[in-house]
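Structure, please.
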Amino acid sequence: MYSRFTARYPVRFRERHDGIFQAAYRAKRDPRLSVQTRADIRAALQWFEEHLPAPKLTDGRAIFWFKPDADEALKHMTLLAVSLRMLSVPVLQKYARRPGFIVFEDTFQVAAVPDSARRACIHP
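Numbers count the residues shown, from 1 in each chain. Okay, here's the model as predicted:
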């Protein structure tokens, strides 16, 4: 199954639902972080910056999902999730057999427009 990580990171007295990368970049600046946790977050983010393509998509409804066989990426993502949870940031891992209409694909991931978003754009 495809998997996706999301996080709820508190931003100025409200919670915001973000992708895990946005939450990790915010958390990296959190003064509550231990030196080791900050290093773990930096190391995970560096791995993704070096190995995970970040394409510019024309369809803003597309959501990124890890492929079922993206073992190395999922290992680093799990370490990132553990680091965020140490800051009490809720991290969820979601699963889907069919993430939607795939608009991008590489070794580790797909970007897909969810079926519900595609139906919303169909007018009789």
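
Contacts for the host helix or strand of residue 103 next, please.
Here residue 103, judged by DSSP states H and E, is contained in strand 101-105. Residues from elsewhere that reach strand 101-105 (Cβ atoms under 8 Å, 6 or more residues apart in numbering): 55, 57, 59, 62, 110, 111, 112, 113, 115, 118. (C-beta placed from N, C-alpha, C; glycine too.)

Just the buried positions in the next helix or strand after it, please.
Using DSSP H and E, the helix or strand that follows strand 101-105 in sequence is strand 109-113. Going by neighbour count (16 or more other Cβ atoms under 10 Å), the buried part of strand 109-113 is 109, 110, 111, 112, 113.

max-length helix in this structure?
Using DSSP state H to define each element, the chain has its longest helix at helix 35-51.

which parts of that helix are buried?
When neighbours are counted by 16+ other Cβ under 10 Å, the buried residues of helix 35-51 are found to be 37, 38, 40, 41, 44, 45, 47, 48.

chain center to the helix or strand following it: distance?
The helix or strand immediately downstream of helix 35-51 is strand 63-66, counting by DSSP H and E. Chain-centre distance of strand 63-66: 7 Å, with Cα atoms, centre = their mean, to the nearest Å.

tilt between the helix or strand harbouring residue 21 and helix 35-51?
Element membership for residue 21 (DSSP H and E) is helix 20-27. Inter-element angle recorded for helix 20-27 and helix 35-51: 140 degrees (by axes from the mean of the first three to the mean of the last three Cα atoms, to 10 degrees).

Can you show me the CA trace of helix 20-27 as PDB?
Below are the C-alpha coordinates for helix 20-27, written out as PDB (Å, rounded to 0.1, in the frame of the first residue of the first chain):
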ATOM      1  CA  ILE A  20       5.600  16.100   7.800                       C
ATOM      2  CA  PHE A  21       8.300  18.000   6.000                       C
ATOM      3  CA  GLN A  22       6.800  21.400   6.800                       C
ATOM      4  CA  ALA A  23       6.400  20.300  10.400                       C
ATOM      5  CA  ALA A  24      10.000  19.100  10.500                       C
ATOM      6  CA  TYR A  25      11.400  22.400   9.200                       C
ATOM      7  CA  ARG A  26       9.400  24.300  11.800                       C
ATOM      8  CA  ALA A  27      10.500  21.900  14.600                       C
END
